[in-house]
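Trainee: Structure for this input, please:
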Amino acid sequence: MQHLEANSDTQHPGYKHIPRLLDHFYHDGLNGRSLFLVLERLGPNIHFVIHEASTDWRLDLSLSRQISRQLILAVDYLHNRGIVHGDIHVGNILFCISDILQLESDSFEPDAYKVTKYNGGPIDQGVPTHYVDSMWYYQNVCEKLTEVKLVDFSSAFFISDPPANSETICTQLPPEILFKKPLSKAIDIWGLACTTNKLVTSQEIFNLIMSDNRCLVPQYYRAIGEASASWLLVHLINAVSDGVWKDWPDSERFFYVYPDMPSLEQIMLDDFSREGDDPSEREVAKEKFEILGRYLRKMLIIDAKDRPDTKELLKDEWVQEQQDE
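Mentor: Sure, this is the predicted structure:
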């Protein structure tokens with residue numbers, strides 16, 4: 001974040017979608033030395049708005065497209081500055097607060113709860129005496145939020161110096177992390193695809209049926225299709241023979257081939273649809289999902305070296321049409 005501050009480009013449209021590092025300091029306490037970052041004040045994350053504040057459990061389609069454009073601009077900005085975010089998901093996307101909402105939130109009185117032990121005994125030294133709850137944003141407030149920033153750089157790295165491994169949420173693991181292959185900025189492209197789908201449908205493309213991350217492999221195949229088969233087969237065999245995996249996943253579902261599985265676009269439309277939706281709205285959504293499906297398929301390339309960069313994705317119809325609206 002210091003690198004971003006020292007090498008900022010305020011003219012880039014993605015600049016405003018990255019948080020500002022205002023200050024930082026260290027504090028020596030009972031648990032050792034801790035680093036504190038002072039950032040600008042932001043609102044709730046996308047996960048909260050979808051699953052807590054909204055009764056609909058999905059964002060408006062137009063808003064989700066608007067946010068997805070902001071995200072691709074933010075990632076383009078980071079990659080131009082030589083940085084990979086490494087952990088893109090809805091929990092790391094925060095809404096900006098307008099001046100009006102800032103005034104409303106300033107009057108918010110947070111709830112403070114006294115920290116106690118279950119047995120009623122004294123709390124340990126160094127444990128805070130009170131827990132202060134975070135601000136609650138009601139649906140009528142969330143409906144006014146339209147601009148976001150991509151936060152949390154705890155998994156970030158420089159493109160020129162990739163780590164051996166990276167951490168992100170299990171349902172969005174790109175194949176190169178699962179198979180322990182070299183990492184690059186392409187992991188952000190995979191994260192963008194999974195996050196964009198979540199923005200629109202409120203559902204995940206991939207789900208962990210078992211606790212074993214390797215059970216994502218057949219889901220890669222289901223979503224991407226035959227284009228992924230050769231790469232997956234080679235790397236499955238190599239993962240075991242080279243000792244990257246000690247054994248094969250112990251799950252029948254790992255080897256199960258889904259017959260007559262609906263297309264990725266149909267799955268997205270079904271996830272998006274709600275009981276009582278107007279049929280005409282579903283037809284409009286279906287057209288949009290065909291555009292979205294092509295956009296996601298560009299990013300969901302199983303081989304990281306073949307994934308497009310942000311410059312190419314910014315020219316896509318899903319992004320450009322939103323810009324023109």
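
Trainee: What strand or helix carries Thr10?
Mentor: Using DSSP states H and E, Thr10 maps to neither a helix nor a strand.

Trainee: if I look at it, how far off is Leu42?
Mentor: 19 Å (C-beta to C-beta, to the nearest Å). To be clear about C-beta, it is placed using only N, CA and C from the backbone, and glycine gets the same treatment.

Trainee: These two: which has the busier surroundings?
Mentor: The residue with more neighbours, out of Thr10 and Leu42 and counting by other C-beta atoms under 10 Å, is Leu42; that gives 15 against 6.

Trainee: right, and the more buried one touches Phe95 too?
Mentor: Yes: applying C-beta atoms under 8 Å, one finds Leu42 in contact with Phe95, separated by 6.8 Å.

Trainee: isn't Phe36 right up against Leu22?
Mentor: No: with contact defined as C-beta under 8 Å, Phe36 does not reach Leu22; the gap is 11.3 Å.

Trainee: OK, contacts around the most centrally placed residue in the chain?
Mentor: Taking C-alpha atoms, centre = their mean as the criterion, His89 is the residue nearest the geometric centre of the chain, at 1.2 Å. When contacts are counted by C-beta atoms under 8 Å, 6 or more residues apart in numbering, His89 touches 168-169, 172, 191, 194-195, 198.

Trainee: Try it again at 7 Å.
Mentor: 168-169, 172, 191, 195 (C-beta atoms under 7 Å, 6 or more residues apart in numbering).

Trainee: which element is Asp28 on?
Mentor: Counting by DSSP H and E, Asp28 is found in strand 21-29.

Trainee: now the helix or strand following that strand and strand 21-29, what's the angle there?
Mentor: The helix or strand immediately downstream of strand 21-29 is strand 32-39, counting by DSSP H and E. Angle, strand 32-39 to strand 21-29, by axes from the mean of the first three to the mean of the last three C-alpha atoms, to 10 degrees: 160 degrees.

Trainee: centre of the chain versus the host helix or strand of Ile67, how much separation?
Mentor: For Ile67, the host element (DSSP H and E) is helix 61-80. Computed by C-alpha atoms, centre = their mean, to the nearest Å, the chain-centroid distance of helix 61-80 equals 11 Å.

Trainee: now do stretch 308-325
Mentor: 18 Å.

Trainee: gap between Asp188 and Leu21?
Mentor: Asp188 sits 20 Å away from Leu21, going by C-beta to C-beta.

Trainee: I figured His235 was touching Phe179, is that so?
Mentor: Yes: in this structure His235 lies within contact range of Phe179 using C-beta atoms under 7 Å: 4.9 Å.

Trainee: need the helices for the stretch 151-300 of the chain, in chain order.
Mentor: Assigned by DSSP state H, counting those that start in this stretch, the helices in the stretch 151-300 of the chain fall at 175-178, 186-201, 217-224, 229-241, 252-255, 264-272, 279-299.
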